[in-house]
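K.L.:
no sequence on this one, just coordinates:
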């Protein structure tokens, strides 16, 4: 059975590699926004009423998908609406 000696430098290198790996994982989680939002989430995000959200659907400003009885909105479409309102 061979004996391996671990030095302070080995531990330091392991620490750096571990922290870099964790950083990458956290960046992926932060950038991964929920793809589809429900009506209540969209109203809260945009700070609008049910009627305003309905008007956005009717006039085609905000596209949606209906699955069963639930409406879902694509997050990228919501971002686009937010950018358009800012300009």
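P.N.:
Ah, there it is. Given the structure is predicted, the values throughout are model-derived calculations rather than measurements.
K.L.:
so how many other residues sit close to residue 35?
P.N.:
10 (other C-beta atoms under 10 Å). C-beta: built from backbone N, CA, C; applies to glycine.
K.L.:
that one and residue 77, how far apart?
P.N.:
Distance of residue 35 to residue 77, computed by C-beta to C-beta, to the nearest Å: 11 Å.
K.L.:
next: residue 21.
P.N.:
With distances taken as C-beta to C-beta, residue 21 is found 33 Å from residue 77.
K.L.:
comparing the two, which shows the higher neighbour count?
P.N.:
residue 77 (16 against 10).
K.L.:
excluding covalently adjacent residues, which one is nearest to that one?
P.N.:
residue 63 (5.4 Å; C-beta to C-beta, 6 or more residues apart in numbering).
K.L.:
please apply the same query to residue 50.
P.N.:
According to C-beta to C-beta, 6+ apart, the nearest residue to residue 50 is residue 43 (6.6 Å).
K.L.:
strands along this protein, start to end?
P.N.:
Here the chain has its strands, by DSSP state E, at 36-38, 65-67, 70-74.
K.L.:
what lines up beside the second one in the sheet?
P.N.:
Translated: strand 65-67. Strand pairing for strand 65-67, using DSSP bridges, gives strand 70-74 (antiparallel).
K.L.:
flag every buried residue along the strand it pairs with.
P.N.:
Across strand 70-74, burial judged by 16 or more other C-beta atoms under 10 Å covers 71, 73.
K.L.:
from the chain's centroid, how far away is it?
P.N.:
15 Å (C-alpha atoms, centre = their mean, to the nearest Å).
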